[in-house]
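Undergrad: Give me coordinates for this.
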Amino acid sequence: MTSHCVTGFGETVLDIVLGSQSIQKALAGGSILNTLVSLSRAGFSCRLISETGNDAAGELIHQFLLKEKVNSAFVYQNPDTQTTLALAVLNPSGDAAYSFYKNTPKERFTNLKISFQAHDIFIFGSSLALDAAARPTLQMLISAVQKANGLVFYDPNIRKPITENDPTLALIRYNFAQADVVRGSHEDFLSIFNTQNVKEIFQLMQPSNCKLLIMTSAEGKIHLYTPHHYATVEVSKVEVVNTIGAGDAFNAGVLNYLIINDIGVKELDSLTKNQLLEVGENGQKYAALVCASDENYIPINGKN
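TA: This is a model prediction of the structure:
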């Protein structure tokens, strides 16, 4: 297996999870962080580009990343801001409704210097991928990955409907255009394109580098689409303890499959229908591990 490093770019938060009567737990979170921790627990080399405040919550997150062997050298502890808090209220089904408490710094990722190698993977998404102040950094990172012939993976993770006049729509379209793999939920694509037809979504994303489009649903089917093949995977029923991080774990499962099978940008063009089914199954396996746990990431040694 070729050596890979997975680099993630996304916001980092402290997830405070509330049950019906009390605070249940506080965990390091953020969609990209969750994905990287799952991959690190599965034995892969990972590094995170993000930021926290120089506060107790930020220190807790940094110590957690150190313990989980996720390289945090590019996670800036900004003294001019506070670590973002995400309040997650769980319903009886384990689904979460979120409220965010953030204080965004004016200057983002100054003097960031980072390099990529061939076969490296870059994953980005959520609100940081739509932040105007972080846009120059994101563009620089994507350009560097592409020059190194690395793979770019985008998860929009949109939490609100996007209208035609919404300025973030242009940013989302740029992100779609740069990504080799796009994975979103059916709610994401309904919010962005007002459709859940995966073939139509692929056309609406064009022009784009996208060679693999994946649409997931908590109930129903996983849709996997390339210019050559279309496949669906039935969602298996699992006993849900918690859905926080399930989509992020799905992303980790997809990347796990691509890495262990040495599938890079060039190989994406020749994915078979059977490989698409295996991609979907592996993503689903990782998501199920998180749904059955009380963390945002797969259990340690969960790859087995």
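
Undergrad: The spatially most central residue of the chain: which element?
TA: Nearest residue to the geometric centre of the chain (Cα atoms, centre = their mean): residue 32, 4.4 Å. In the assignment (DSSP states H and E), residue 32 maps to helix 31-41.

Undergrad: what pairs with the helix or strand just after that helix, and is each one parallel or antiparallel?
TA: As assigned by DSSP H and E, the chain's next helix or strand after helix 31-41 is strand 45-53. Applying DSSP bridges, strand 45-53 is found paired with strand 5-9 (parallel), strand 71-78 (parallel).

Undergrad: So which of those is nearest residue 51?
TA: strand 71-78 (4.4 Å; Cβ to Cβ). Just so you know, the C-beta spots here come from the backbone N, C-alpha and C atoms, and that holds for glycine as well.

Undergrad: Quick check: buried residues in that closest one?
TA: Of the residues in strand 71-78, 71-72, 74-78 count as buried by neighbour count, 16 or more other Cβ atoms under 10 Å.

Undergrad: Closest one to residue 257 out of these, please.
TA: Nearest to residue 257 among the buried residues of strand 71-78, with distances taken as Cβ to Cβ, is residue 71, at 22.4 Å.

Undergrad: Would you mind getting the angle between the helix or strand encompassing residue 275 and helix 31-41?
TA: Using DSSP H and E, residue 275 falls within helix 273-291. Counting by axes from the mean of the first three to the mean of the last three Cα atoms, to 10 degrees, helix 273-291 lies at 100 degrees to helix 31-41.

Undergrad: coming back round to it: format the CA atom coordinates belonging to the helix holding residue 32 as PDB.
TA: C-alpha atoms of helix 31-41 as PDB (Å, rounded to 0.1, in the frame of the first residue of the first chain):
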ATOM      1  CA  SER A  31     -16.700  17.500  11.100                       C
ATOM      2  CA  ILE A  32     -13.100  17.300   9.800                       C
ATOM      3  CA  LEU A  33     -11.600  16.700  13.200                       C
ATOM      4  CA  ASN A  34     -14.100  13.800  13.700                       C
ATOM      5  CA  THR A  35     -13.100  12.300  10.300                       C
ATOM      6  CA  LEU A  36      -9.400  12.500  11.100                       C
ATOM      7  CA  VAL A  37      -9.700  11.000  14.500                       C
ATOM      8  CA  SER A  38     -11.500   8.000  13.000                       C
ATOM      9  CA  LEU A  39      -8.800   7.600  10.400                       C
ATOM     10  CA  SER A  40      -6.000   8.000  12.900                       C
ATOM     11  CA  ARG A  41      -7.700   5.300  15.100                       C
END
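
Undergrad: Any idea how far that helix is from the middle of the chain?
TA: 8 Å (Cα atoms, centre = their mean, to the nearest Å).

Undergrad: who does that helix touch, helix- and strand-wise?
TA: When contacts are defined as 3 or more Cβ pairs under 8 Å, 6 or more residues apart in numbering; DSSP states H and E, helix 31-41 sits against strand 5-9, strand 45-53, helix 56-67, strand 121-125, helix 246-260.

Undergrad: Output these as a markdown table; include the columns mean pLDDT, mean neighbour count and distance to residue 197.
TA: Shown next, in a markdown table, are the helices and strands packed on helix 31-41 (pLDDT from 0 to 100; neighbours: other Cβ atoms under 10 Å; distance: least, Cβ to Cβ, whole Å):
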| stretch | mean pLDDT | mean neighbour count | distance to residue 197 |
| --- | --- | --- | --- |
| strand 5-9 | 97 | 24 | 29 |
| strand 45-53 | 96 | 23 | 34 |
| helix 56-67 | 96 | 17 | 39 |
| strand 121-125 | 98 | 27 | 22 |
| helix 246-260 | 97 | 26 | 20 |
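
Undergrad: what's the closest of the buried residues of strand 71-78 to residue 109?
TA: Of the buried residues of strand 71-78, the one sitting nearest to residue 109 (Cβ to Cβ) turns out to be residue 76, at 6.9 Å.

Undergrad: strands paired with the helix or strand of the chain with the lowest mean pLDDT, and their directions?
TA: Every helix and strand in the chain was compared by mean pLDDT, DSSP states H and E; the lowest is strand 96-101, with a mean of 80. Its sheet considered, strand 96-101 pairs with strand 84-90 (antiparallel) by DSSP bridges.
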